[in-house]
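# Fold the following.
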Amino acid sequence: MSAFKNGPFKVPKLSDDHPLYGRLLAREVEKLVSLPDFSDDKGLFIFSDFGGEHKGADFTTYSILICSADKRVIFEEKTKKLRAKNGLNDPWKEFGFKDLGYGPISRSLDEFLSLADNFIHGILVTISIDQKIQSLFGLDKKEAQNQIVELFRNNDLGEWKGKESEKVLRVCHAISIFMSLVAFSGQKILWLCDHDSINVDGKKRDFTHTQKIFGHCLAMYSDNLYEIYGFAKPFEKDAGTTDLLSLADFSAGIIQEILQGEVSKKDVQLSDEKAKLAKWMGTDSSFLTKANLVFIQQDDGGWGVGSVDIQAKI
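Numbers count the residues shown, from 1 in each chain. Model (predicted):
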């Protein structure tokens, strides 16, 4: 069985009831040349991390890694050896975008990215949203987010603030569209989301509400029935899942900086480590598909949507 399947792909079930955001995403996904073939896999992992929420950022980035749970073992074994060799276990240190300059991470970076390319069967997707786009679910931000908050409240999906209600829908719609293309009924799936505002536990909202929202979004784009779908936050000092989650963190971070420089025209100086990461993001892999999509606010108020051509920027 080939590691990839080539397009055209099955199209997510869409109607006019779907948000414009979802329909535009689905349109862009149809243009991808290839997607991972998970037809022989019993289980899939979903890892997510987000960036661009710091002061001065012009783009918010949502990075999602969907990969085979069955075929992850070799990657985990090799990264454990890499960690031990470079002293990343004692003291424990995650591969993090903000820590690329840390000596042991810097020395490990080339090999770590090579291991990801050669031993992860999956797709790494980063969706970037121009922060000039105040809402993807309505023309007026306050009105749109109030509607989402009310919808969640009326359907036992928790008490949300406007900003977080929009964010959870952005993430869940994106994951659901890609799952509709690569996943199959009967598979087991686990979504591991980094610590974030969309999965905090409070008095009137907790991670179970996020899970329910995700379930509703999955059903909007596909008729797949999964044997199990589970959810988790990062496991403490678990090298296997932590290192996979780090790839989403890397992607969210570097795409945001590339767009800051190339679209916002800011003076962004990439360190040697960030330049390596940018090159890796723009280079095809034998087993790991990389897809980078961006929504930009145009002068006429419309949205420009397309792929990020990283090769043209490094």
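# where does His209 land in three-state SS?
Here His209 is recorded as helix under DSSP: H, G, I helix; E, B strand; the rest coil.
# which stretches of the stretch 151-300 of the chain have low pLDDT?
By pLDDT under 70, the stretch 151-300 of the chain has no low-scoring segment.
# what about the closest residue to Lys204 other than its chain neighbours, which SS state?
Using CB to CB, 6 or more residues apart in numbering and skipping the chain neighbours, the partner closest in space to Lys204 is Glu159 (3.7 Å). Just so you know, the C-beta spots here come from the backbone N, C-alpha and C atoms, and that holds for glycine as well. Following three-state DSSP, we place Glu159 in the coil state.
# now do Ser114
helix.
# Let me know how buried it is, in neighbour terms.
By other CB atoms under 10 Å, 14 other residues sit near Ser114.
# what sits against it?
Residues near Ser114 by CB atoms under 8 Å, 6 or more residues apart in numbering: none.
# So the residue nearest to Lys204 versus Glu53, what's the distance?
21 Å (CB to CB, to the nearest Å).
# ok, now Arg72?
29 Å.
# quick one, which of those two is more surrounded?
A direct count of neighbours by other CB under 10 Å for Arg72 and Glu53 places Arg72 higher, at 20 against 15.
# Just to check, the more buried one is in contact with Phe45?
Yes: applying CB atoms under 8 Å, one finds Arg72 in contact with Phe45, separated by 7.1 Å.
# so where's the stretch 1-150 of the chain uncertain?
The stretch 1-150 of the chain contains residues with pLDDT under 70 at 1-2, 4, 7-11, 13-17.
# Could I get the full set of strands for it?
With DSSP state E, counting those that start in this stretch as the criterion, the stretch 1-150 of the chain has strands at 4-6, 34-36, 43-51, 59-68, 122-130.
# Sheet-wise, list the partners of the third one with their directions.
Pointing back at strand 43-51 there. strand 59-68 (antiparallel), strand 188-193 (parallel) (DSSP bridges).
# can you tell which of those strands is closest to Pro36?
strand 59-68 (7.5 Å; CB to CB).
# How far off centre is the closest one?
Remark: strand 59-68 is offset 1 Å from the chain centroid, using CA atoms, centre = their mean, to the nearest Å.
# does Leu259 sit in a helix or strand, and which one?
helix 239-262 (DSSP states H and E).
# Report the angle between the helix or strand just after that helix and strand 122-130.
Later in the chain than helix 239-262, the nearest helix or strand by DSSP H and E is helix 272-281. Put simply, helix 272-281 runs at 110 degrees to strand 122-130, going by axes from the mean of the first three to the mean of the last three CA atoms, to 10 degrees.
# what's helix 272-281 packed up against?
helix 103-119, helix 239-262 (3 or more CB pairs under 8 Å, 6 or more residues apart in numbering; DSSP states H and E).
# Go through it and flag the buried ones.
Within helix 272-281, the residues scored as buried using 16 or more other CB atoms under 10 Å are 273-274, 276-278, 280-281.
# Contacts for it, please.
For helix 272-281, the surrounding residues in contact (CB under 8 Å, 6+ apart) are 97, 100-101, 105-106, 109-110, 113, 117, 250-251, 254-255, 257-258, 270, 290, 292, 310, 313-314.
# rerun that using 10 Å as the cut-off
97, 99-102, 105-106, 109-110, 112-114, 116-117, 124, 126, 247, 250-251, 253-255, 257-258, 268-271, 288, 290, 292, 308, 310-311, 313-314 (CB atoms under 10 Å, 6 or more residues apart in numbering).
# that older thread, among the helices and strands packed on helix 272-281, show me which one is buried the most.
helix 239-262 (a mean of 23; mean count of other CB atoms under 10 Å).
# roughly how far out does that helix sit from the chain middle?
9 Å.
# Please name every helix or strand in contact with that helix.
strand 43-51, strand 59-68, helix 73-85, helix 103-119, strand 122-130, strand 188-193, helix 272-281, strand 288-297 (3 or more CB pairs under 10 Å, 6 or more residues apart in numbering; DSSP states H and E).
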